[in-house]
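J.: next one to model:
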Amino acid sequence: MLHLRGRALPDGEPVEWWVAHGVLSAEPIANADTVFDGGWIIAGLVDAHCHVGLGPGGAVSLDESVVQAEIERDAGALLLRDAGSPVDTRSFDDREDLPRIIRAGRHLARPKRYSPGLPIDIEDESQLPAAVAEQARWGDGWVKLVGDWIDRGVGDLAPLWSDEILKTAIAAAHAEGARVTAHVFGEDALPGLINAGIDCIEHGTGVTDATIELMLEHGTALVPTLINIDNFPGIADAAGKYPTYAKHMRDLYASCRSRVGAAYEAGVPIFAGTDAGGMIAHGRIADEIEALKGIGMSPTAALGAASWDARAWLGRPALEHGAPADLVCYTEDPRLGGVSHPDLVILRGKVWR
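T.: Okay, the predicted model is just below:
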């Protein structure tokens, strides 16, 4: 049994919490060990776009996936929305030492329109609704589409799906009780996805004033993965055979912060995700929080996008009586920096750091 005393965010009010059997209690528990006294207490961090099971070369072993999850835990990321992975990590749910994972199943893409070996390839787009329903039943309430990718026939980013099939596919996911998100870099795929009722856009570097209005109308969230967008110039440099695509990627990189900032200013819900597992190392949620400050989010809002607000969006509790005891604690105010080095990590009611 544990006892903690400090200030809770976002309001900064003094709090005391007790932990027994992996659960938070606002009622005192006798003989609890005080493990934290005199700092800042927040709900475990959330990486809302993370790929446990992916490395720079593609899928990794289950053992390496465990290491990735441990890195996230030690950085304070105790809830991961796994936005597509070919590795089945459901066995992790039985482990007390690893973060909780909300899985979207496998990416769904058209043949040769995404990174090889990662997605389930849909030969005929009429098969998409059935594939979406299957992934909705397999996952933890999310389905991941590839919304756009380079089309080598046109030499630039292009949508993968027709507007009509998107409406049917997203409705199929919703009928299964799942939400849908999509990888989107460019501008052209966004209207069809948003009008079809998609719940979230990943990256969203191509948002415009018009698509921001659509997102507000439909309640679409955005996970911009800003630290991954820093890879766009390198991607462009490697795309010598496709100069139009290369220029497009450089332009998206140059305008990304202002476009995402405009979406935030307009009121689009924005959450923190790193895209860890491919070109981004695991354990970098603190860097994404700092990047969100750079598009105009206050320190409290940026931290909330990776903690209490993200948890509410994902339907998971934060700091409340009876909630799972998943906490990160800091001696100094984490809104001012130092998020990557929590002084105490409590996962499933046990101290891990």
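
J.: what segments of the stretch 51-200 of the chain are strands?
T.: 54-55, 58-59, 77-82, 100-103, 107-109, 120-121, 142-146, 148-151, 156-159, 179-184, 200-203 (DSSP state E, counting those that start in this stretch).

J.: quick one: closest of those strands to H248.
T.: strand 156-159 (5.7 Å; Cβ to Cβ). Heads up, the C-betas are built off the backbone N, CA and C, glycines and all.

J.: show the average pLDDT along that closest one.
T.: Per-residue pLDDT values over strand 156-159 give a mean of 98.

J.: wouldn't E123 be in contact with K112 here?
T.: No: E123 lies out of contact with K112 (Cβ atoms under 8 Å); the separation is 11.0 Å.

J.: so what secondary structure elements neighbour the longest helix seen in the chain?
T.: Assignment by DSSP state H gives helix 243-266 as the longest helix of the chain. Contact here means 3 or more Cβ pairs under 8 Å, 6 or more residues apart in numbering; DSSP states H and E; on that basis helix 243-266 packs against strand 156-159, helix 209-218, helix 226-229, helix 232-237.

J.: ranking the ones you listed by burial, who's on top?
T.: Using mean count of other Cβ atoms under 10 Å, the stretch among those with the largest mean neighbour count is helix 226-229, at a mean of 23.

J.: how far away from the center of its chain is that one?
T.: Distance of helix 226-229 from its chain centroid, counting by Cα atoms, centre = their mean, to the nearest Å, is 12 Å.

J.: and if you look at stretch 276-292?
T.: 10 Å.

J.: now that stretch: mean pLDDT?
T.: The model assigns stretch 276-292 a mean pLDDT of 96.

J.: how long is it end to end?
T.: Stretch 276-292 has an end-to-end distance of 16 Å (criterion: Cα to Cα, to the nearest Å).

J.: quick check: buried residues in that stretch?
T.: 276-278, 280, 282-292 (16 or more other Cβ atoms under 10 Å).

J.: helix, strand or coil for L4?
T.: L4 carries the three-state label strand when classified by DSSP: H, G, I helix; E, B strand; the rest coil.

J.: which helix or strand contains the nearest residue to it once chain neighbours are set aside?
T.: In space, and not counting its chain neighbours, L4 is closest to F36: 4.3 Å by Cβ to Cβ, 6 or more residues apart in numbering. Secondary structure assignment for F36, by DSSP states H and E: strand 33-43.

J.: tell me which helix or strand comes right after that strand.
T.: Heading C-terminal from strand 33-43 (DSSP H and E), you reach strand 45-50.

J.: please save the CA atoms from that following strand in CSV.
T.: Output of strand 45-50 as CSV, limited to C-alpha atoms (Å, rounded to 0.1, in the frame of the first residue of the first chain):
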residue,chain,number,x,y,z
LEU,A,45,1.5,10.1,-19.7
VAL,A,46,-0.2,9.1,-23.0
ASP,A,47,1.5,8.5,-26.3
ALA,A,48,-1.5,8.7,-28.7
HIS,A,49,0.5,7.5,-31.7
CYS,A,50,2.9,4.8,-30.9
